[in-house]
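J.: Here is the input, now give the coordinates:
(one chain, ligands or ions: 1)
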Amino acid sequence: MPEPVTPSGVEAIYAEVRRLTGADVAVAPPELTEASPGIMSVALRTPTLPPAAHTACYLVGAGEMVAVDPGSPFPDQQAALVEVIRERGELVAILLTHHHGDHLGGAQALAAATGAPIWAHAATADELPAMPIARRLVDGEVIEVGGRALRAVHTPGHAVGHLCYRDEATAATLAGDMVAGLGTILIDPSGGHMATYLASLERMIALPTGALLPAHGPVIADGPGKLREYIAHRSMRERRVRDALGSAPRSAAELCAVAYADTPSFLWPLAERSLLAHLVKLVEDGVAVDDASGWRLL
Ligand SMILES: [Zn+2]
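T.: Predicted coordinates for the structure are as follows:
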């Protein structure tokens, strides 16, 4: 029996937000749709961050295919995915974008059902000692499958080993958790890094990027536009965090109430994680200092 994957700090936060929002999942049978030419998507129910309640598993290739992020830990969803794959052909590999549970909750079950190996970035494999990662993908590597070519693009920041996968023919990019079509992307300082995340968003803009196919929510047709919007939103938030700082130290809770005054207070436990990621960046930028009693301007 494969060992269960231990929930990370981020998943504990997701669980808390689900509890606070009373979010429940809609039970509908998974449906296969064409997300982009040659790329199929099946949204599977997962324990993820509300308002999202699903993680899209993308199938790339005709006849022979790869599956990206089979995230559901629920047996009914896993069985539906296996059925969809069997109808379409042979699964040659399971690709992961990163190590969070809502992206890999069904990986080992799918591997067991199909015999397909699991591939991921080395830093993702390092986060998952109990999961057999058969191949460690590197930035720029091209995976050819069923008439399509997918290029792995290392985009750390949300998670250290995060990979996007770009379809070389159309530039449509499987975006994992770099952006969301529904809800938001959490940069949690326990495993994420804000400055690195922003640099990865910039890198994606500089690369040929077409539509973004996120793990959560619908396809984003204007990929570069969405990436610029994310960068603008994070800089707006960084300004608010900086404006909330003064010469006297303030606690994270005090700063959160000011910098996230536009966010419902029940979400502040989550916002506080994001605030901390911004504070880490401001400290690294030489703008703020973290002393024993809180954060203040340098
Ligand atoms: Zn994630």
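J.: Go ahead and confirm Leu201 touches Asp177.
T.: No: applying C-beta atoms under 8 Å as the test, Leu201 and Asp177 come out as separate, 12.0 Å apart. Where C-beta positions appear, they are placed from N, C-alpha and C, glycine not excepted.
J.: ok, these two, which is more surrounded?
T.: The residue with more neighbours, out of Leu201 and Asp177, is Asp177; 29 against 21, by other C-beta atoms under 10 Å.
J.: check contacts around the more buried one.
T.: Contacts for Asp177 (C-beta atoms under 8 Å, 6 or more residues apart in numbering) come out as Thr97, His98, His100, His103, His158, Ala159, His162, Ile185, Pro214, Ala215, His216.
J.: can you tell me how far the residue nearest to the first one when sequence neighbours are not counted sits from the ion?
T.: Right, the one you point to is Thr97. Spatial nearest neighbour of Thr97, excluding adjacent residues (C-beta to C-beta, 6 or more residues apart in numbering): Gly176 at 2.9 Å. To the ion, Gly176 is 7 Å away according to C-beta to the ion, to the nearest Å.
J.: Where do the domain boundaries of the chain fall?
T.: Structurally, the chain divides into domains by automatic domain parsing as follows: 9-222, 238-297.
J.: for the residue nearest to Leu298 when sequence neighbours are not counted, which residues make a bridge with it?
T.: In space, and not counting its chain neighbours, Leu298 is closest to Val289: 4.9 Å by C-beta to C-beta, 6+ apart. Val289 forms beta bridges with Arg296, as assigned by DSSP bridges.
J.: Can you give me the neighbour number for Val289?
T.: 15.
J.: Now for it: which residues touch it?
T.: Counted by C-beta under 8 Å, 6+ apart, Val289 has contacts Val283, Trp295, Arg296, Leu297, Leu298.
J.: Give me the neighbour count for the residue in the stretch 1-150 of the chain positioned nearest to the ion.
T.: Proximity of the stretch 1-150 of the chain to the ion (C-beta to the ion) peaks at His100, 3.5 Å away. Burial of His100 is recorded as 32 neighbouring residues (other C-beta under 10 Å).
J.: Correct me if wrong: it contacts Ala159.
T.: Yes: between His100 and Ala159 there is a contact at 6.3 Å, judged by C-beta under 8 Å.
J.: from the domains of the chain, which stretch is densest packed?
T.: By mean neighbour count, with neighbours taken as mean count of other C-beta atoms under 10 Å, domain 9-222 ranks first of the domains of the chain at a mean of 20.
J.: Centre of the chain to that domain, how far?
T.: 7 Å (C-alpha atoms, centre = their mean, to the nearest Å).
J.: For Glu254, what are phi and psi?
T.: phi -60, psi -40 (degrees, to the nearest 10).
J.: ok, so what distance separates the closest residue to Gly192 other than its chain neighbours from Arg148?
T.: Closest residue to Gly192 apart from its sequence neighbours, by C-beta to C-beta, 6+ apart: His158 at 5.3 Å. Distance, His158 to Arg148, using C-beta to C-beta, to the nearest Å: 25 Å.
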